[in-house]
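[1] All I have is the shape, not the residue letters:
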């Protein structure tokens, strides 16, 4: 009689454990945070070499404007720069997983928005003026480029670009 009770108790325990596991699985499926499917943003740009060059070799030929890969020198600190930086330095930051936002001919309000974004993301974003831009605002990561105008500048969009493309690079050091 005891053996029969032990088998019955074992079966009941097994059923209870199975029900608990199924309940946990069902709960996690029902109440999990929705996964955000983020579309590709901007355009893919073919990756150029990753040659390290000297700081004095400032004239380089890149396959995009602004560059998204290629020869580079001297990483610089992330954040907002109201003056231009050298492309070779911006590209080095891109290689390290940064997002490089460049601008030209934008209003003080647009500049303030970019400054705020840079301040909140200084460990992974570099913002600088760039007269050579062929658009008002460019969002660049390693091998990716999105060009926008001041009228289409949207903080939420820029933040999605930053989230999606930070550390999509050979050396992932951005924070």
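    Received the coordinates, thanks. Source: prediction; values computed, not measured.
[2] for residue 122, what are its contacts?
    Each residue near residue 122 by C-beta atoms under 8 Å, 6 or more residues apart in numbering is listed here: 77, 78, 79. Quick note: C-beta positions are derived from backbone N, CA and C, even for glycine.
[3] Would you mind identifying the next helix or strand past the helix or strand bottoming out on mean pLDDT in the chain?
    Between all helices and strands in the chain, the lowest mean by mean pLDDT, DSSP states H and E belongs to helix 2-31, at a mean of 75. Per DSSP states H and E, the first helix or strand lying C-terminal to helix 2-31 is strand 43-44.
[4] Give me the sheet partners of that next one and which way each runs.
    Strand 43-44 sits in its sheet next to strand 144-148 (antiparallel), going by DSSP bridges.
[5] burial of the residue nearest to residue 55 when sequence neighbours are not counted, as a residue count?
    Of all residues not flanking residue 55 in the chain, residue 73 sits nearest, at 4.9 Å (C-beta to C-beta, 6 or more residues apart in numbering). Other residues near residue 73 come to 19 when the count uses other C-beta atoms under 10 Å.
[6] can you check residue 168 too?
    By other C-beta under 10 Å, 15 other residues sit near residue 168.
[7] That one contacts residue 144, doesn't it?
    Yes: between residue 168 and residue 144 there is a contact at 7.1 Å, judged by C-beta atoms under 8 Å.
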